[in-house]
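In: Here is a sequence with its predicted model. Questions after.
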Amino acid sequence: MPIKKISLLLLFGMILLCANPLMAQQNGWTADPERVNQLKESRPDYLWDEAGVPDYDLPDPLLKPDGSTVETPDEWKEHRSDILEIFRSQVYGHRPGQPETLSFEISEEKGNTMDGRAILKRINIISEHQGRNHQFELTLFLPIDAVKPVPVFLLMNNRGPENTDPSRTEKSGFWPAEEVIERGYGIAAIQNNDLSPDDTEHFHEGVIRLFEGEMAIDERPADAWMALAAWGWGASRVLDYFETDPDVDEQRVALLGHSRGGKASLWAGAEDERFSLVISNESGAGGAALSKREFGETIEAVNRFTHWFTPNFKEYNGREQDLPFDQHMLISLIAPRAVYVASADEDLWADPGGEYLSLACASPVYNLWGYDAIEPDNMPPLNSPVIHENRGYHIRSGGHNLTPQDWGYFMDFADQLWR
Ligand code: GTR
């Protein structure tokens, strides 16, 4: 869809409710002034100060092109597909569905790992399409003692595979499998690089080539699916597998990603409504953070990773205020399912304030089902998660990372949601 046409579609009305409320908040988290000053000095080309956030208006996610407002979950369904289409064409691209043939092969099964606490399954997820093949691996640990089928946390791993070591020789706080098993949940991981190498030159050499063949190298359309969408496509194929595994409760799967993985998990959660909980950890620009705040990483900055977003998204470099949508609408695509957004205090590049606001500003959509509003001017203090029924948020002290502390909060949220 051409950009002009969408502007007409969505620029009808704006909500001011969400414009710059963080300046007004009294008790919640605010950035450490020393860190702000440091960043202002070391990276003066970016915005680090709440006071510098431009006046911006956010499109009302409930406002329809004819000027009327969505009032019921039923009306939302149709409007939701229009919004989904905008994100497909402008930001993340159109991804395909299942390949012609999809099969699962258990490559290893151990009935007794982690000192007798877990079972391990390693599964090859195999695709065939137009004579081409692709294969990627799923690692899955399930607590032995838990009542089956069991809920599972699935990480889209954007770091090295040693972080999700199936042999448990290496252990990493990025994927604290033993702790998750201890809490009675299953834990799974896939490697983003297996689906689409996280590299400007080679990103098409995974599932994009499976579908597009050599065409995938050039002459791709301006709304082509790119790496972020390809990673999420893989997460959906994992759900296809979960539906066949009687030990896994496919109605209670949490999809989780950190940073670029968090951008991908939000998008995968929008594309595939089978994920009942979507978790974004420090996903920042092009993820949970509102673009129009222009705080920390901008659209132009995140587009230096040319293989993540569609060519169309590059048209918005330096033009945040012209966007006819913003990332709160991405979060609203997850409604009424559960969503959790997490930030870190020192990670101002990812704009914790903007991440919180996206979640808060998706409230009108959650209200359609009677869920309460998250107040935009009420960020919680450090290390104090807030849970609003099916939505959660925390800001952890420390830097850009996914840590056992974050996982602990996610599991506390899942306990409330699922138990
Ligand atoms: C940063 C990038 C972010 C984020 C991050 C990551 O350098 O600017 O958008 O995705 O990398 O994935 O670790």
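Out: Perfect, I can see it now. Numbers count the residues shown, from 1 in each chain.
In: what's residue 312 sitting at in phi/psi?
Out: Phi and psi for residue 312, reported as degrees, to the nearest 10, are phi -60, psi -40.
In: so who does it touch?
Out: 3, 89, 90, 91, 222, 223 (C-beta atoms under 8 Å, 6 or more residues apart in numbering). Any C-beta I mention is one placed from the backbone N, CA and C, and that applies to glycine too.
In: What of residue 99?
Out: Counted by C-beta under 8 Å, 6+ apart, residue 99 has contacts 127, 128, 129, 134, 210, 211.
In: Show the residue spans covered by the helices in the stretch 201-350 of the chain.
Out: Using DSSP state H, counting those that start in this stretch, the helices of the stretch 201-350 of the chain run over 207-212, 227-242, 260-271, 299-302, 311-314, 327-332.
In: Which stretch among these approaches residue 341 most closely?
Out: helix 327-332 (7.5 Å; C-beta to C-beta).
In: That closest one packs against which elements?
Out: helix 73-87, helix 260-271, helix 352-361, helix 363-367 (3 or more C-beta pairs under 8 Å, 6 or more residues apart in numbering; DSSP states H and E).
In: mind checking which of those helices is nearest the ligand?
Out: Closest to the ligand of the helices and strands packed on helix 327-332 is helix 260-271 (C-beta to the nearest ligand atom; 3.4 Å).
In: That closest one vs helix 227-242, what angle?
Out: For helix 260-271 against helix 227-242, the angle by axes from the mean of the first three to the mean of the last three C-alpha atoms, to 10 degrees is 60 degrees.
In: so does helix 260-271 get close to the ligand?
Out: Yes. Counting by C-beta under 6 Å from any ligand atom, the ligand has neighbours in helix 260-271: residue 260.
In: Turn the helices and strands packed on helix 327-332 into CSV, including mean pLDDT and mean neighbour count.
Out: Shown next, in CSV, are these (pLDDT from 0 to 100; neighbours: other C-beta atoms under 10 Å):
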stretch, mean pLDDT, mean neighbour count
helix 73-87, 98, 15
helix 260-271, 98, 28
helix 352-361, 97, 28
helix 363-367, 97, 21
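In: who in the protein is up against the ligand?
Out: Counting by C-beta under 6 Å from any ligand atom, the positions of the chain adjacent to the ligand are 158, 259, 260, 284, 285, 297, 302.
In: try 5 Å
Out: Neighbours of the ligand within the chain, by C-beta under 5 Å from any ligand atom: 259, 260, 302.
In: Excluding covalently adjacent residues, which one is nearest to the first one?
Out: This means residue 259. Nearest non-adjacent residue to residue 259, counting by C-beta to C-beta, 6 or more residues apart in numbering: residue 282, 5.5 Å away.
In: since we're on the one you found, how many residues are nearby?
Out: Residue 282: 30 surrounding residues under other C-beta atoms under 10 Å.
In: isn't it right next to residue 257, touching?
Out: No. With contacts counted by C-beta atoms under 8 Å, residue 282 stays clear of residue 257, the gap being 9.7 Å.
In: Local confidence estimate at whatever residue of the stretch 301-419 of the chain ends up closest to the ligand?
Out: Closest to the ligand within the stretch 301-419 of the chain is residue 302: 4.9 Å, counting by C-beta to the nearest ligand atom. The score at residue 302 is 98. That number is its pLDDT.
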